[in-house]
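Undergrad: task: produce atomic coordinates for the following.
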Amino acid sequence: MRGGAGDATLRPEEVEMKSVRGAAAVLGLVLLALVASAASAGGRTSSAIVFSHGTAPNRYDVWTVGASGRQPRRVTRSCMWDWWPDWSPNRTRVAFARACPNGNFDLYVVRVSGRGLRRVTRGPALDQWPTWSPDGSRLAFVRGNDAGAELYVVGADGKGLRRLTRNHVEDATPSWSPDGRLIVFASKRARTGPFSLLVIPAAGGVASRVGGVRRLTTSVYEDVDPDW
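TA: Down below sits the predicted model:
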C-alpha cells in the first residue's frame with residue numbers, strides 16, 4: 001500500500017522490484033559512461049573504414065567513415081597529400097604516408113582521434129604503403145628512389161629501421177603473415193618483367209642472410225596487391 005512518506009509500508013515483492021529497477025538504472029549509466037569514454041579516447045566501431053579523402057585541389061587528408069556511410073570523421077589535416085592509410089591491429093592508430101610541397105613522402109602514425117601525430121621516417125626517398133605488423137609494434141613499407149624501390153621495416157616509434165631487400169628493382173605492397181614472421185610483397189625481379197609475389201622473412205638483414213626470398217607466383221602479366 002502507499003501512504004505518506006512517514007508511514008509507507010512496502011510488500012516484499014515491491015522491494016524486490018525496486019531493487020531490480022535500481023540495478024538496471026545503474027547498469028545503463030555504466031554502459032553510457034563506457035561508450036562516452038571510448039568516444040573521447042578516439043575509439044571506433046568495427047565497421048569503420050579509413051581512407052584518403054580529397055578536401056581541396058591537390059590535397060588529401062585521412063578520414064574514417066562507418067560502413068553505412070554515416071559518421072564521417074576527419075583524422076588529419078595535411079600540408080598536401082596524406083595517402084595509403086592503414087589501421088593498427090587494435091584499431092586505435094593509423095599509419096599513413098605524407099607529402100608536403102617540395103618534399104617527399106614520409107611515414108606518420110596518428111591516433112584515430114587525430115591527436116598524437118608522430119613522424120616515423122625522414123629522408124629524401126619516397127616512403128609508401130605502410131602496413132602494421134600483427135602485434136602493432138612495426139611497420140613494413142617500401143622506400144623508392146631512382147635506383148628502385150626496396151622493402152623496409154621500422155618500429156612504429158621510428159626506431160630500428162631495417163632494409164630487407166637489395167635488388168635495385170621495384171618492390172611494392174607488403175603484407176605481414178598472421179604470426180609476424182614473414183612478409184609477402186609484389187616485386188619485379190627484372191626491370192622489364194611483370195610483378196610477381198614473393199615471401200621474405202621479416203627478421204631483417206639482407207634477404208640472403210635470413211633464408212632468402214621465396215617466389216610464390218610467376219606470370220606473363222602482373223601479380224600485385226597481396227594481402228595475408
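
Undergrad: quick one: low-confidence ranges for the protein?
TA: The chain contains residues with pLDDT under 70 at 1-46, 189-193, 204-215, 217-222.

Undergrad: same thing but at 80, please
TA: Low-confidence segments of the chain (pLDDT under 80): 1-47, 102, 146-147, 167-168, 189-194, 204-226.

Undergrad: what are the ranges of the helices in it?
TA: Taking DSSP state H, the helices of the chain run over residues 12-40.

Undergrad: endpoints of stretch 104-124, how far apart?
TA: End-to-end distance of stretch 104-124 (CA to CA, to the nearest Å): 6 Å.

Undergrad: check stretch 181-199 too.
TA: 10 Å.

Undergrad: ok, stretch 122-129 next?
TA: In stretch 122-129, first residue to last residue: 15 Å (CA to CA).

Undergrad: likewise for stretch 49-69?
TA: Using CA to CA, one end of stretch 49-69 lies 9 Å from the other.

Undergrad: just the buried residues of that stretch, please?
TA: 50, 52-53, 60-65 (16 or more other CB atoms under 10 Å). Yep, even glycine has a C-beta here, placed from its N, CA and C like the rest.

Undergrad: stretch 145-158 too?
TA: 148-154, 156, 158.

Undergrad: let's see it as PDB, backbone CA atoms only.
TA: Provided in PDB are the C-alpha atoms of stretch 145-158 (Å, rounded to 0.1, in the frame of the first residue of the first chain):
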ATOM      1  CA  ASN A 145      64.300   6.300 -55.300                       C
ATOM      2  CA  ASP A 146      66.000   6.500 -58.700                       C
ATOM      3  CA  ALA A 147      67.700   3.100 -58.100                       C
ATOM      4  CA  GLY A 148      64.500   1.200 -57.500                       C
ATOM      5  CA  ALA A 149      62.100   0.500 -54.600                       C
ATOM      6  CA  GLU A 150      63.100  -1.700 -51.700                       C
ATOM      7  CA  LEU A 151      61.300  -3.300 -48.800                       C
ATOM      8  CA  TYR A 152      62.000  -2.000 -45.300                       C
ATOM      9  CA  VAL A 153      60.800  -2.500 -41.700                       C
ATOM     10  CA  VAL A 154      60.800   0.200 -38.900                       C
ATOM     11  CA  GLY A 155      59.400   0.400 -35.400                       C
ATOM     12  CA  ALA A 156      56.100   2.300 -35.100                       C
ATOM     13  CA  ASP A 157      58.100   4.700 -32.800                       C
ATOM     14  CA  GLY A 158      60.600   5.400 -35.700                       C
END
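
Undergrad: one step back: make TSV from the buried residues of stretch 145-158 and add distance to T76 to it.
TA: What follows is these, written out as TSV (distance: CB to CB, whole Å):
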residue	distance to T76
G148	29
A149	24
E150	26
L151	25
Y152	22
V153	23
V154	20
A156	16
G158	18
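
Undergrad: list just the nearest of these to H168.
TA: Set against H168, the nearest of the buried residues of stretch 145-158 by CB to CB is G148 (4.4 Å).

Undergrad: so what's that closest one bridging to?
TA: N145 (DSSP bridges).
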